[in-house]
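1. sequence and predicted model, in that order:
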Amino acid sequence: MFPRPNTINQPRNLPSPTQNHAPAEVKQSPVIHYTFLLIGFSLLVFVLHKLDGVLLPILFAALLAVLLLPLVLRLERWRLPRIWAIIVTLLLMIGALVGIFYLFGSQIMTLRDELPKLQAKSLV
């Protein structure tokens, strides 16, 4: 039905069947290329700025999950069921945070009590 390809009717932009390579890339001028890159990065920054109220908690949750995963896996290796390993890990994390806040709170209270003495000493 169609004529066999020859040198006249063979497509010019396709590689020959004997060559095994990808088609040639479309060349753009560097100005157009960098303009599209700049527009793309600008849109990315705009979208990330608009979605920061949603993305920031998701990113912190993902970071927390990645950081706590080794402890959960260790508890699972000690034959603790997964749900109990997660609960124990979360309770340990909450306990550590409460301890850190208690430590910093007591240091701030001590500083508050000592601040008038330090101010009087620095003025002398």
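-> All right, it came through fine.

2. what packs against the helix ranked longest in the chain?
-> If you go by DSSP state H, the chain has its longest helix at helix 82-123. Judged by 3 or more CB pairs under 8 Å, 6 or more residues apart in numbering; DSSP states H and E, the packing partners of helix 82-123 are helix 52-77. Any C-beta I mention is one placed from the backbone N, CA and C, and that applies to glycine too.

3. tell me the angle the longest helix of the chain makes with helix 52-77.
-> Here helix 82-123 points in a direction 120 degrees away from that of helix 52-77 (axes from the mean of the first three to the mean of the last three CA atoms, to 10 degrees).

4. could you list the low-pLDDT ranges of this structure?
-> In the predicted model of the chain, residues 1-3, 5-24 satisfy pLDDT under 70.

5. mind doing that once more with 80?
-> Scanning the chain for pLDDT under 80 picks out the ranges 1-27, 124.
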